[in-house]
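J.: Give me coordinates for this.
(chains A, B, C and D)
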There are 2 protein chains.
Amino acid sequence: MTIGEASRASGVSEKMIRHYEAIGLLHPARQANGYRTYAQADIAVLRFIRHARDLAFPLEDIRRLLALWRDRGRASAEVRALALAHVAALEEKAHALQAMAASLKHLAAHCHGDARPDCPILDQLAEGGPVPHPEPEGHHR
Amino acid sequence: MTIGEASRASGVSEKMIRHYEAIGLLHPARQANGYRTYAQADIAVLRFIRHARDLAFPLEDIRRLLALWRDRGRASAEVRALALAHVAALEEKAHALQAMAASLKHLAAHCHGDARPDCPILDQLAEGGPVPHPEPEGHHR
DNA sequence: CTTGACCTTCCCATCATGGGAAGCCCCACA
DNA sequence: TGTGGGGCTTCCCATGATGGGAAGGTCAAG
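T.: Numbers count the residues shown, from 1 in each chain, chains lettered A, B, ... in the order given. Prediction:
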């Protein structure tokens, strides 16, 4: 298999396949003419990487996951710990984003949003800190 | 005010202050010796940028927000629209992250996580697509 | 006049990804 | 046999926001 075929078979771009090789995640054979050659095992690795990337694992984590995958005797606890740490990171980021969205939504709710120039959103960005009185919970005004 | 003082006054690093100037968000005066000089208005801009960054506005959005801020006659609708578009983007990202976290959590829940080598997490990454049967909702097994 | 804190510019790194150029390889077709 | 084109190679550059660090100028206090 050439790199183009491997790309189609794995759903990973040629650019990325070369990059993963450059950082040592895979080691395809070479033909006499310098072309890379991919065996089924390489395609499996590429698919593995793609699925892990779909779950937003950083490549360094994927490097460890691949090592664990190749290690037939690994303890599943190791994999689980890595996965759960990533889950925690994902959730933390998600919550941070949602908190920002909520703050901004709160500000936008107080902005009439018509042709008039006064705008609590800009006022808040200009003056206040992170965000003013988000009022613990519930009913507006 | 020198850049160091401006940094302390605004909470923006010197590196970033210079960067914001390089991309045209700011135009501090220069002294004869080449040192940048920051007036109160510049500090206000830096604070504005920092607050907007705290809400994860990309710098290109901030460029527009600053223009609107400086334009005394702008319609608040414009600001609101920009903010709400950003809210949508934040929420989309947050949901994507939470979906990934949920998928991975689901897999981890099915991994006993002990010394044994078999692991549904690795199996899924190796074989399956994005994620298998997340079972619509609720009670496990 | 030296020391040290501060400023300047410039280059490099991050993380994952892609664009694009220059050049080689190979196959099919005329 | 020549040529066209598609695929392959490597190398450089860009993204977005941030920081590290080097080499060198400036200034005030000692």
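J.: Can you tell me how far the residue most central in space within chain A is from DNA strand C?
T.: Nearest to the mean C-alpha position of chain A, by C-alpha atoms, centre = their mean, lies residue A:56 at 3.0 Å. Distance, residue A:56 to DNA strand C, by C-beta to the nearest atom of the strand, to the nearest Å: 8 Å. From N, CA and C alone the C-beta is placed, and that goes for glycine too.
J.: On the three-state scheme, the nearest residue to that residue once chain neighbours are set aside is what?
T.: With C-beta to C-beta, 6 or more residues apart in numbering or on different chains as the measure, residue B:100 is the residue that lies nearest to residue A:56, at 5.3 Å, once sequence neighbours are left out. Following DSSP: H, G, I helix; E, B strand; the rest coil, residue B:100 is assigned to helix.
J.: shouldn't residue A:50 be in contact with residue A:10?
T.: Yes. Residue A:50 is within contact range of residue A:10, at 6.3 Å (criterion: C-beta atoms under 8 Å).
J.: which of these two has more neighbours?
T.: Neighbours per residue, other C-beta atoms under 10 Å in any protein chain shown: of residue A:50 and residue A:10, the larger number sits with residue A:10, 21 against 17.
J.: And the more buried one, its phi and psi?
T.: Here is the backbone geometry of residue A:10 (degrees, to the nearest 10): phi -110, psi -20.
J.: That one - nearest residue in space that isn't next to it in sequence?
T.: residue A:46 (3.6 Å).
J.: again with residue A:65
T.: In space, and not counting its chain neighbours, residue A:65 is closest to residue A:52: 6.0 Å by C-beta to C-beta, 6+ apart.
J.: quick one: residue A:60 and chain B, what's the gap?
T.: Separation of residue A:60 from chain B (C-beta to the nearest C-beta, to the nearest Å): 15 Å.
J.: Now that residue: which helix or strand?
T.: Assigned by DSSP states H and E, residue A:60 belongs to helix A:59-70.
J.: does any part of that helix sit near DNA strand C?
T.: Yes. Helix A:59-70 is in contact with DNA strand C by C-beta under 7 Å from any atom of the strand, via A:59-60.
J.: which helices and strands does that helix pack with?
T.: helix A:40-54, helix A:76-109, helix B:120-126 (3 or more C-beta pairs under 8 Å, 6 or more residues apart in numbering or on different chains; DSSP states H and E).
J.: how about those helices in JSON lines, adding distance to residue B:31?
T.: Shown next, in JSON lines, are the helices and strands packed on helix A:59-70 (distance: least, C-beta to C-beta, whole Å):
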{"stretch": "helix A:40-54", "distance to residue B:31": "50"}
{"stretch": "helix A:76-109", "distance to residue B:31": "38"}
{"stretch": "helix B:120-126", "distance to residue B:31": "58"}
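J.: just these: most buried one?
T.: Sort the helices and strands packed on helix A:59-70 by mean neighbour count, taking mean count of other C-beta atoms under 10 Å in any protein chain shown, and helix B:120-126 sits at the top with a mean of 21.
J.: Grab the nearest non-local neighbour of residue A:4.
T.: Distances taken as C-beta to C-beta, 6+ apart place residue A:14 nearest to residue A:4, at 6.5 Å, with adjacent residues excluded.
J.: Neighbours of that neighbour, how many?
T.: Quick note: residue A:14 (other C-beta under 10 Å) scores 14 neighbours.
J.: do the same with residue A:57
T.: Residue A:57 has 23 neighbours, counted by other C-beta under 10 Å.
J.: and if you look at residue A:35?
T.: Neighbour count for residue A:35, taken as other C-beta under 10 Å: 11.
J.: ok, now residue A:75?
T.: Using other C-beta under 10 Å: residue A:75 sits among 16 other residues.
J.: need the residues of chain A near DNA strand C, please.
T.: Residues of chain A lying near DNA strand C by C-beta under 7 Å from any atom of the strand: A:13, A:15-16, A:19, A:32-34, A:53, A:58-60.
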